[in-house]
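Peer 1: give the three-dimensional model of this entry:
(one chain, ligands or ions: 1)
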Amino acid sequence: MDTLVQVRGASASYQARRVLKELDLTIEHGETVGLIGLNGAGKSTLVKVLAGQHPLDGGTMTIAGERYAPASLEEAQACGVGVISQNSEPPLDLTVARALVRNTFRCAEEHDAVREWAADLIAAAGVDLDPDAVVGTLDRARRALVEVVRMMAEEAQLVIIDEVAVTLADYEIAALHHVLRRLATEGRGILYITHRMDEVQSIVDRVVVMDQGTVVVDGSVAGLGSDALEGLLLKDISQLETRRSEGAHDVEHAAIALTGVRLGERLRGVDLAVAPGEVLGITGTFDSGVRELVEVLVGQQLPDDGVVYRNGHPVHLDSPEEAERHGISHLTDAVSTRENDHTLVAGLGGEDLALSDEIVRARRMIELVRELRINTANINDSVGHLSGGDQQKAELIRSIERGGDVLVLAHPTQGVDVAARLSVFSYVHQLAATGAAVIFLSTDMSELLKWSHRIVVLAQGTITLHGETASFNEDQLVTAMLGEQELRASGRRARIG
Ligand SMILES: Nc1ncnc2c1ncn2[C@@H]1O[C@H](COP(=O)(O)OP(=O)(O)OP(=O)(O)O)[C@@H](O)[C@H]1O
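Peer 2: Reported below is the predicted structural model:
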């Protein structure tokens, strides 16, 4: 192998605050390097520097031996650097073929030529994508695949994958890894950023751990299990035990319940009851109906049939405001639509407060900042200045600290590091211990098994598995998600690897 990227003594700042400090990093041709670190360690800042979106204060970079100092994303692209992040999606109105060529000289070519060329590229990548499909009709996993195949079209030499798999299911991540391995085999270098240690084990040759703006560990992952990798990040964090739920699951005593809920083809008669004090994990593939179930619970969709009950009484949740009025708080997973120009403390609500109330509010926020390990010294700073994981924690606080004793959380730990994951679930379990009913949507099997009292799995609009978490293992959840047939047809284990 020979060196593709070399970063030496890199420093970068936001205003006067230095967040990259004398950082060194090397990536060889054909190598996949995993970049991990707690929220706020500086990973995204390093990506911005590599992508020409943030300047270096000091240090140097080279690509294939040539000095590299991009001043824009376009310049970085021209030098062979491609970035795919959690929020980067191809334009929804393009066909897959057009989306693949959109930044290349081929974009001006005629449709048939582009289509044929795209079909060859897709075949070379070994993925299942229809060049004529419109991007807007694809699920998130396939849109991510389009972006990865585009890296081949753009002839990117360094491909940066920044937390792309956060809301993808394990078998979708496996498909993504399959293409990335091909890219690496062709001699490209891959910088892979994730908070999931099972992904690191599955895809990475070497792991680089960042802490407070610098590299603290750089070595092979061979022989390191998830626990050992987590150990590189966690220092003094104790585990939280989840207790068994003892709540009643009948409609009359449940905090929230659904009976016979139908919604088009997506929900075909769903019954569910969540007791006060219970943490229920729900999961399913993109088209299982699980997203629609969340939408019904939070008033974004009215069911065609069936009844929603709150504390044993039927309710008509025809808007998110109505759901909120009934004490249902919602954390959405649509990161790109969130506003982040408010201050951290404003997330606790309240306007024109008396001074004494403002002090109470500030104290509560300081407590939460400590508890959830948010990297900031100023609760009046804009949320937009926080790292990605810390913005997620701020949004979690905003959605649940305003009251509501039913919490519906979609992917609550997306972008959140392993240490803060413990804090987030400890916070959620504390709320449950005071009587809140919590429903959280996740596609991370180990998270569901670790943090929920009960689990519900949906497939094709119906519940295919339901029961106490202690009675399930990962394979049972995946089988219930996909169904035996699909597992057999795909001929592989439906998990990362
Ligand atoms: N636009 C900004 N203005 C001011 N400070 C910022 C800005 N963006 C990031 N920071 C600060 O820089 C530090 C590093 O943030 P960065 O986003 O690089 O961390 P990260 O390792 O990517 O975290 P995460 O895992 O949460 O995505 C953090 O303390 C953050 O608060």
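Peer 1: return the helix or strand hosting Ile173 as CSV; C-alpha atoms alone will do.
Peer 2: Using DSSP states H and E, Ile173 sits in helix 170-185. The C-alpha trace of helix 170-185 is given here as CSV (Å, rounded to 0.1, in the frame of the first residue of the first chain):
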residue,chain,number,x,y,z
ASP,A,170,-28.4,-3.8,9.8
TYR,A,171,-29.0,-5.7,6.5
GLU,A,172,-29.1,-2.3,4.7
ILE,A,173,-25.8,-1.4,6.3
ALA,A,174,-24.4,-4.7,5.0
ALA,A,175,-25.3,-3.7,1.4
LEU,A,176,-23.6,-0.3,1.9
HIS,A,177,-20.5,-2.0,3.3
HIS,A,178,-20.5,-4.4,0.3
VAL,A,179,-20.1,-1.4,-2.1
LEU,A,180,-17.5,0.3,0.1
ARG,A,181,-15.3,-2.8,0.1
ARG,A,182,-15.4,-2.7,-3.7
LEU,A,183,-14.3,0.9,-3.7
ALA,A,184,-11.4,0.0,-1.4
THR,A,185,-10.4,-2.9,-3.6
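Peer 1: surely Glu321 is in a helix?
Peer 2: Yes. Counting by DSSP: H, G, I helix; E, B strand; the rest coil, Glu321 is located in a helix.
Peer 1: spatially nearest residue to it, not counting backbone neighbours?
Peer 2: Excluding the flanking residues, the one nearest Glu321 by C-beta to C-beta, 6 or more residues apart in numbering is Gly299, at 7.4 Å. The way it works is simple: take the backbone N, C-alpha and C, and place the C-beta from them, glycine included.
Peer 1: okay, and that neighbour sits in which element?
Peer 2: Per DSSP H and E, there is no helix or strand for Gly299.
Peer 1: hmm, Ser319 and it touching each other?
Peer 2: Yes. Gly299 is in contact with Ser319 according to C-beta atoms under 8 Å; the separation is 5.2 Å.
Peer 1: quick one, which of the two is more surrounded?
Peer 2: The neighbour comparison of Gly299 against Ser319 (other C-beta atoms under 10 Å) goes to Gly299, with 23 against 13.
Peer 1: who's in contact with that one?
Peer 2: 317-324, 328 (C-beta atoms under 8 Å, 6 or more residues apart in numbering).
Peer 1: again, only this time at 6 Å
Peer 2: 317, 319-320, 322-323 (C-beta atoms under 6 Å, 6 or more residues apart in numbering).
Peer 1: for it, give its distance to the ligand.
Peer 2: 30 Å (C-beta to the nearest ligand atom, to the nearest Å).
Peer 1: could you shift the numbering so residue one becomes 86, and keep it that way?
Peer 2: Sounds good: first residue 86 from here, last item Gly384.
Peer 1: okay, the residue nearest to Glu406: pLDDT?
Peer 2: As predicted, Gly384 sits at a pLDDT of 96.
Peer 1: can you list the residues of the chain near the ligand?
Peer 2: 99, 104, 122, 124-130, 460, 470-475, 500, 502 (C-beta under 6 Å from any ligand atom).
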